[in-house]
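Asker: this is a predicted model, with the sequence first.
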2 protein chains.
Amino acid sequence: VTGISDLRSVFAGKLLTDPADTAPFLTDWRGLWTGRARAVVQPDSTADVAAAVRWCAERRVPIVPQGGNTGMSGGATPDGSGDAIVLSLARLNRVRGIDTVNDSIIVEAGCILQAVQDAADRADRYFPLSLAAEGSCTIGGNLACNAGGTGVLRYGVARDLCLGLEIVTADGEIWDGLRGLRKDNSGYDLRNLFIGSEGTLGIITAAVLKLHPRPLARATAFVALQSPASALELLGLVRRRHQSALSAFELLSETCLSLVVEHQPGARRPLGSSAPWYVLIEFSGSSDEESLRADLEAVLMAGLDTGIVLDAAIAESLSQAAAFWTIREGISEAQGAIGKTIKHDIAVPISAIGRFLDQADAAVARRWPGARHVTFGHVGDGNLHYNFSPVPGQDGAAFMAMQDDLNALIHDIVVAHGGTISAEHGLGVLRRDEAARLKSPVELRLQHKIKHALDPLGILNPGKLIAVAQRSATEGAS
Amino acid sequence: VTGISDLRSVFAGKLLTDPADTAPFLTDWRGLWTGRARAVVQPDSTADVAAAVRWCAERRVPIVPQGGNTGMSGGATPDGSGDAIVLSLARLNRVRGIDTVNDSIIVEAGCILQAVQDAADRADRYFPLSLAAEGSCTIGGNLACNAGGTGVLRYGVARDLCLGLEIVTADGEIWDGLRGLRKDNSGYDLRNLFIGSEGTLGIITAAVLKLHPRPLARATAFVALQSPASALELLGLVRRRHQSALSAFELLSETCLSLVVEHQPGARRPLGSSAPWYVLIEFSGSSDEESLRADLEAVLMAGLDTGIVLDAAIAESLSQAAAFWTIREGISEAQGAIGKTIKHDIAVPISAIGRFLDQADAAVARRWPGARHVTFGHVGDGNLHYNFSPVPGQDGAAFMAMQDDLNALIHDIVVAHGGTISAEHGLGVLRRDEAARLKSPVELRLQHKIKHALDPLGILNPGKLIAVAQRSATEGAS
């Protein structure tokens, strides 16, 4: 393989080779994975991306696409071989257009999620994808990983917010699929195939996104409950009466709340009493705030009457609502403050959440008595972050030594309940082998056929999502 | 290729070979396509389907999957060679289970759509896929074609109502992807790849479908307008104020209304006056009927004030609402009553509807002065049925002789406006070559790679959606 000097000549953007410049691209934001690369390529345009990919394809050079480098599964970090280039989409960050009649916006892959939200807002529209990293993650990465977040219950995952894509294929061609259509049955669903493929089938360079009307009012409640089963009962009650108003339903345990109150400056308990579990409920919509509040109050009163709800507070102001959300969003950071963490991003059918938790809690207690659970998540989507922290005084290394066994234990129970081991974070390198262990041979064969069909040389983000051997130059493509 | 006597022994269901028995499966319901087949296979179970497919794969026998045989594009009719078997899913019609906490239902491919709606209804839930053929089409066919219909504006297309699939692959393996999950990022999106693939990548044998809360109230209006541009203005007004209540927004021309009033027994004009265009608007939800009606009335009053709305009637009773819907749903039949029809199932960005209609109407008028337009559709989705009927006295054959030129003229304008030539009907054989003419070479190559990866022998519904040569036994699979 030749050096990178001639790569410089094929595209107009930046080429970083100085170790001081490339370092931030070679380690993920949590510092869990570090790799090496020949160079970091920052193209300026889609044509630039295509040219860089063609250069790589001709030389069998692996390509690791990277957006904001905020992923949770190591999907954007090169391996240790130093063979790859990192293809950073950061400079492709233009808003190409907004259409307020079609309620759609065309953005380049490197746009920061918050910039997309802001562009929608300036046009009096709403882009509902929302997650903790929104100030630094890019929309290309969100789509490559099919991101979730707190708006899924009403608006769906990233997949549901995308109408069309522009893709650079593994052979450096540009597919213009930037359609702003609500309906299109004119062939195989390429869009959804590229979404969630973590850069292993093609490189997302731009997208048409769906916009929604801006909610005119919100009502937010913090609710104390005895158990996740009560949370599900309450969710059922809310959905029957106020499905169209419901926009968030987030579960957290007392452990989560205590951690945040202890470690987050200014955080306060929203309720006078404590309880084993809590949910944060948000109603939003185009009706006036008073009627939203009245609806939320009515359903909580009904919950109190039947004993599902132990206690509840409805935010009296925007700042109080923000304080409720700050608790929910502060859990990961608070968990990080007390040491290493073992995380699970699982989902099961909503009806199986109670049984899953009973069985998983019991299995963990048998194997690691006294383990410290930090459980929270998007319970309305069936998605839990079933996490663990060291118990006070426990050695970090001893705690992390549990990780593989704990993962396998939890994942087996997840699969037994018809669930997934990656609900919203993607497989990357973190979950790749567990997914391969747990999926059926038929499903794995289908996945491999698709990978091989669209990236026969195996140069697109090799080793991520799926284990496929890269082909050497002498083997060539079949 | 051997005879079918040994096919009989590999599966438990019905095998039809008598021409009197097979005839209904060899012609589409509109009588536009007729083919031949070795036999019609009606498996009893997924294992049966897999056995039949393996038998075919070993012998390179083409398979034409068929549900209710109600498709619009000839996708379920065998060709004239007599080589294929028709694989009818009709006997796979069990509801395997319903989960009212997860709001999901597992159904087999041969379930009639209405039976799925009814099963949801009995469980106090709502399955919102709704279209004219719902009494005879099957859910497997709906998913294979990614059906649309009148519920798309709020609930999405068939794709958006499906959580998981069970598939028999081209080599006769069973993929159990019957997951009831709202979030799953554990690999490539096989589900959406099979949905809309018209039986050319795998055979859908069962599905997990999403259920919704049953709407407790509805309000329905019939509204007179000057132009499609007014319809779009009104749609914008409605969406800004009452997005969460809006469940249907259907456009029809005065020609459509006159046809229905003339040809449908008992049909009456909903308004005293006539106007060039109409929309049928439905609000529905969990609020009470009075407040829904009041909201609908308020937005129509606002439309009257600004001159967008010429006249409007809100249904006073369920039967009046049903009468409004009967007009909308009677257009196709009324159009059939006056002779042959040339149909287009197009979609453009909602913002382009006005420009598309201006340009298409003008181009048609230049080429065929006096052509009789029968335009209606799901304007809230950007999807129009831009149809034509013979003018009174015009010879049917002379009219149909226009078809290819008319299609090409319209489709070119659709594509120039960023649209699709198949919004909800699929390509089948009807639109296959036009799609190939209009799609980019890059997109066609991607489609072919996927087809070849998942059906290397080319035995799954050959000639539908995509033109791929079937491989002979001597060529084998690559």
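Answerer: On my side now, so go ahead.
Asker: from now on I want contacts and neighbour counts done on CA atoms only, so please keep to that.
Answerer: Will do.
Asker: just give me the neighbour total for the residue in the stretch 101-250 of chain A that chain B sits nearest to.
Answerer: Chain B sits closest to A:Asp184 of the stretch 101-250 of chain A, with a gap of 4.4 Å, by C-alpha to the nearest C-alpha. Look at A:Asp184: counted by other C-alpha atoms under 10 Å in any protein chain shown, it has 28 neighbours.
Asker: nearest residue to it other than its sequence neighbours?
Answerer: In space, A:Asp184 comes closest to B:Ala423 once its chain neighbours are excluded; the distance is 4.4 Å by C-alpha to C-alpha, 6 or more residues apart in numbering or on different chains.
Asker: one more: A:Ala206?
Answerer: Spatial nearest neighbour of A:Ala206, excluding adjacent residues (C-alpha to C-alpha, 6+ apart): A:Glu108 at 4.0 Å.
Asker: do the same with A:Thr100
Answerer: Using C-alpha to C-alpha, 6+ apart, the closest residue to A:Thr100 is A:Ala123 (7.2 Å).
Asker: check what pLDDT the one you found gets.
Answerer: We have a pLDDT of 97 for A:Ala123.
Asker: so A:Leu384 touches A:Gly377, yeah?
Answerer: Yes - using C-alpha atoms under 8 Å as the test, A:Leu384 is close enough to A:Gly377 to be in contact (4.3 Å).
Asker: which stretch of helix or strand covers the residue nearest the centre of chain A?
Answerer: Residue closest to the mean C-alpha point of chain A, counted by C-alpha atoms, centre = their mean, is A:Ala147 at 3.5 Å. According to DSSP states H and E, A:Ala147 maps onto no helix or strand at all.
Asker: from B:Lys183, how far off is it?
Answerer: According to C-alpha to C-alpha, to the nearest Å, A:Ala147 and B:Lys183 sit 9 Å apart.
Asker: mutual contacts of the two, please.
Answerer: Residues touching both A:Ala147 and B:Lys183 (C-alpha atoms under 8 Å, 6 or more residues apart in numbering or on different chains): A:Val157, A:Glu424.
Asker: for the stretch 251-400 of chain A, what spans make up the helices?
Answerer: With helices called from DSSP state H, counting those that start in this stretch, the stretch 251-400 of chain A shows them at A:254-263, A:289-305, A:318-329, A:331-337, A:353-367, A:396-400.
Asker: what about the shortest one, average pLDDT?
Answerer: The pLDDT scores in helix A:396-400 average 92.
Asker: in it, what counts as buried?
Answerer: Neighbour counts over helix A:396-400 (16 or more other C-alpha atoms under 10 Å in any protein chain shown) mark A:Phe399 as buried.
Asker: which SSE is immediately downstream of it?
Answerer: Counting by DSSP H and E, the next helix or strand C-terminal to helix A:396-400 is helix A:403-416.
Asker: by contact count, what packs against that next one?
Answerer: Packing partners of helix A:403-416 (3 or more C-alpha pairs under 8 Å, 6 or more residues apart in numbering or on different chains; DSSP states H and E): helix A:353-367, helix A:432-438.
Asker: what's the pLDDT at A:Pro29?
Answerer: I think there's a mix-up here, since residue A:29 is Trp and not Pro. We have a pLDDT of 90 for A:Trp29.
Asker: next one: A:Ala224
Answerer: What the model reports as pLDDT for A:Ala224 is 98.
Asker: what bridges to it?
Answerer: Beta bridges link A:Ala224 to A:Tyr278, A:Asp311, judged by DSSP bridges.
Asker: A:Asn185 versus that one, what's the distance?
Answerer: Relative to A:Asn185, and taking C-alpha to C-alpha, A:Ala224 is found at 46 Å.
Asker: ok, now A:Thr341?
Answerer: Distance from A:Thr341 to A:Asn185, by C-alpha to C-alpha: 45 Å.
Asker: then A:Asp412?
Answerer: Applying C-alpha to C-alpha to A:Asp412 and A:Asn185 gives a distance of 38 Å.
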